[in-house]
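*Asks:* based on what follows, work out the 3D shape:
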Amino acid sequence: MTDVDQGKNLPKDADEYIAKLKTALVHNDECGTTHYNLGVALMGKQEFVEAEKALHDAIDRSPSLAEAYVLLGGICLQRNDFEGCYRFNQNATKARAGFAEGYANMAFVLLQLIDGKDPKEDEEKMDKAIKNLKKAIIHNKNFVQAFATLGTAYFMKGLVKEGIKANLEAIKVQPEFPVAHNNLAVGYLEINEFDKAIAHCDKAEELGFQVAQKLKDELAPHRKA
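*Replies:* Residues are numbered from 1 along each chain as shown. The predicted model follows:
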């Protein structure tokens with residue numbers, strides 16, 4: 001999922017930073033951004049119950065704070081509450097028109113919910129995911145993860161060439177994006193373009209991606225001595 005990196009940019013002394021935010025809120029409890037920053041800081045410390053409250057407070061004060069909805073979706077995901085995650089990201093797109101991350105996250109959830117029990121229902125989820133990913137890309141043409149996830153959705157539908165095209169767009173945006181290289185290795189293997197598949201497989205590994213052993217085994221006979 002594409003939610004905000006939790007606590008990634010926190011000051012070294014997180015406890016001191018949290019204390020400062022709480023003091024600021026004593027003097028101005030109506031500041032949605034401060035509640036949001038507190039939520040992010042608490043998530044960085046994995047204090048999810050307190051973080052959840054802070055993020056809800058942020059939304060109460062600033063209903064257009066789409067990032068807070070995304071983080072609440074992330075908390076739901078940690079609890080395996082996919083429906084809650086979807087709902088919060090849907091709210092993010094309603095809170096701010098054109099909020100690309102919300103659309104991409106909804107698509108991610110839909111793809112996770114495909115279980116093979118009802119082919120028709122699975123097909124609907126894939127189509128809905130693709131629609132949301134296209135919206136995400138319209139709103140952010142450099143959204144590399146959205147391109148890669150779109151490629152995965154196409155592969156799931158059996159649309160291999162479309163999946164390859166989406167992943168090629170991903171590496172146009174970010175040439176060193178390992179997930180897209182791995183996906184391209186899978187796609188090119190599927191259409192028997194082995195040299196390209198091997199090149200992208202090797203690139204994915206070079207970039208630190210753990211390529212599935214099964215994929216490497218399938219490509220091994222096609223490597224030139």
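
*Asks:* give the buried residues for the longest helix along the chain.
*Replies:* Longest helix of the chain, by residue count under DSSP state H: helix 119-139. For helix 119-139, the neighbour count (16 or more other C-beta atoms under 10 Å) marks D122, K125, M126, A129, I130, N132, L133, K134, K135, A136, I137, H139 as buried. C-beta: built from backbone N, CA, C; applies to glycine.

*Asks:* contact partners for the closest residue to the fifth one other than its chain neighbours?
*Replies:* Residue nearest to I130 in three dimensions, not counting chain neighbours: A153, with 5.0 Å by C-beta to C-beta, 6 or more residues apart in numbering. Shown in contact with A153 (C-beta atoms under 8 Å, 6 or more residues apart in numbering): A107, L111, M126, A129, I130, L133, G163.

*Asks:* determine which two of these are furthest apart.
*Replies:* The span of the contacts of A153, defined through C-beta to C-beta, is set by A107 and G163 at 14.1 Å.

*Asks:* neighbour count winner among the two?
*Replies:* A107 (30 against 24; other C-beta atoms under 10 Å).

*Asks:* who touches the helix or strand containing that one?
*Replies:* Using DSSP states H and E, A107 sits in helix 100-112. Residues from elsewhere that reach helix 100-112 (C-beta under 8 Å, 6+ apart): 1-3, 66, 69-70, 73, 77, 82, 85-86, 89-93, 96, 125-126, 128-130, 132-133, 135-137, 139-140, 143, 145-146, 149-150, 152-153, 156.
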